[in-house]
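1. build me a model from this:
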Amino acid sequence: MSLIMVLAVRPAWLEKPLDGLDKSYRLHKWAGIGAIVLGLLHYGLQLSRSLLAAWVGRPVRTPRADWWLNTFRHLAEEMGEWAVWFLAAMLVITLWQRFPYHVWRYLHKLLAVVYLVLAFHAVVLTPPAWWAQPAGVLVGLCTLVGVLCAVRSLAGAIGRSRRHAARVVSVAPQGASVLEVTCQVHPASAWRHTAGQFAFVTFGKAEGAHPFTLLNADQGDGTLRFAIKALGDHTGRLPLQVQPGQRVDIEGPYGCFDFRSDSAPEQVWVAAGIGATPFMAWLESLHPTARAGAPGAPALLRAPCGRGGVC
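-> This next block holds a predicted model:
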């Protein structure tokens, strides 16, 4: 769970080792599922102590050493029990794809509070003898790092150093339920990105930030273009909600999708639907004076590919 909290704060220094924030979030997801499963197993073993004792016998237990944290032992057990039930509920609604995202994201943020509860549970119930052993050092270090990350999350400080104010310049439907939104970052000098990267865009406080791939290469003028496909409730409503002149918050850039990292002398790029977006940005970066759809743009940037797609 400490690993989950570290990944949740989107540390820039972990992007390259994990090959991008998208891979970090994949690890975050599966670490979360694994932690909840282990937590439920732990709680299940506690509930089945009598049954286990009947099968394998009761272990020889020595009296617990005097320890000042013993005062909080009962409270830690009660809080841990409620935290595990909350985690079980979160696992169900997370795997249930139809659960409203705008509600889920607030519940997801509460997991930082749940982490603090479980950190308290773990520290209080850790055997006193462990604190003089490597196991205690590991528990203490992981707990300290996780608590700092949880507090940072609850304070709304995640990604704060990478947030930028911007305004919507234009909104243009492109067919196939794709909306192209062009934004201007202020000041322009504050923004730099590499083709293939993405950013978190907040069009409304209630909905929060969503990640969208950058459609354009960085020209140094703070202009950002996003191709957004209607794949859910939020993206489906954007054509009616986003207007030129609207203020938006943009956090980023993130991602390590760079074709130059491959040493192969030749490459074949294959993309379908909205998945073509990062390739479009790379193609534009290879022709810095051209823009997709503009006169003189490379043919690859303009060729239609059925039902409004692009090849």
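2. which stretches of the stretch 51-200 of the chain form strands?
-> With strands called from DSSP state E, counting those that start in this stretch, the stretch 51-200 of the chain shows them at 163-175, 178-186, 198-202.
3. hey, which of the ones you listed is tucked in deepest?
-> strand 198-202 (a mean of 21; mean count of other Cβ atoms under 10 Å). For the C-beta atoms, the positions are set from N, CA and C on the backbone; glycine is no exception.
4. name the helices or strands packed onto whatever helix or strand comes next after that strand?
-> Toward the C-terminus, strand 198-202 is succeeded by strand 209-213 as the next helix or strand (DSSP states H and E). Strand 209-213 is packed against strand 198-202, strand 223-229, strand 247-254, helix 277-286, with contacts defined by 3 or more Cβ pairs under 8 Å, 6 or more residues apart in numbering; DSSP states H and E.
5. adjacent strands (with direction) for strand 209-213?
-> Taking DSSP bridges as the criterion, strand 209-213 forms sheet pairs with strand 198-202 (antiparallel).
6. ok so, going back, can I get the strands of the stretch 51-200 of the chain in TSV including distance to residue 258 and mean pLDDT?
-> Formatted as TSV, the strands of the stretch 51-200 of the chain follow (distance: least, Cβ to Cβ, whole Å; pLDDT from 0 to 100):
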stretch	distance to residue 258	mean pLDDT
strand 163-175	22	93
strand 178-186	22	95
strand 198-202	13	95
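7. could you dump these into CSV with distance to residue 154 added?
-> Converted to CSV, those look like this (distance: least, Cβ to Cβ, whole Å):
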stretch, distance to residue 154
strand 163-175, 17
strand 178-186, 28
strand 198-202, 18
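8. nearest to residue 16, of the helices and strands packed on strand 209-213?
-> strand 247-254 (11.5 Å; Cβ to Cβ).
9. tell me the average confidence for the closest one?
-> In this model, strand 247-254 has an average pLDDT of 94.
10. looking at this, residue 216 is in a strand?
-> No: looking at residue 216 with DSSP: H, G, I helix; E, B strand; the rest coil, it is coil, so not inside a strand.
11. residue contacts, the residue nearest to it when sequence neighbours are not counted?
-> Once flanking residues are discounted, residue 216 sits nearest to residue 225: 4.3 Å by Cβ to Cβ, 6 or more residues apart in numbering. Under the criterion of Cβ atoms under 8 Å, 6 or more residues apart in numbering, the contact list for residue 225 reads 180-183, 214-216.
12. try 10 Å this time
-> By Cβ atoms under 10 Å, 6 or more residues apart in numbering, the contact set of residue 225 is 169-170, 172, 180-183, 212, 214-217, 277, 280-281, 284, 291-292.
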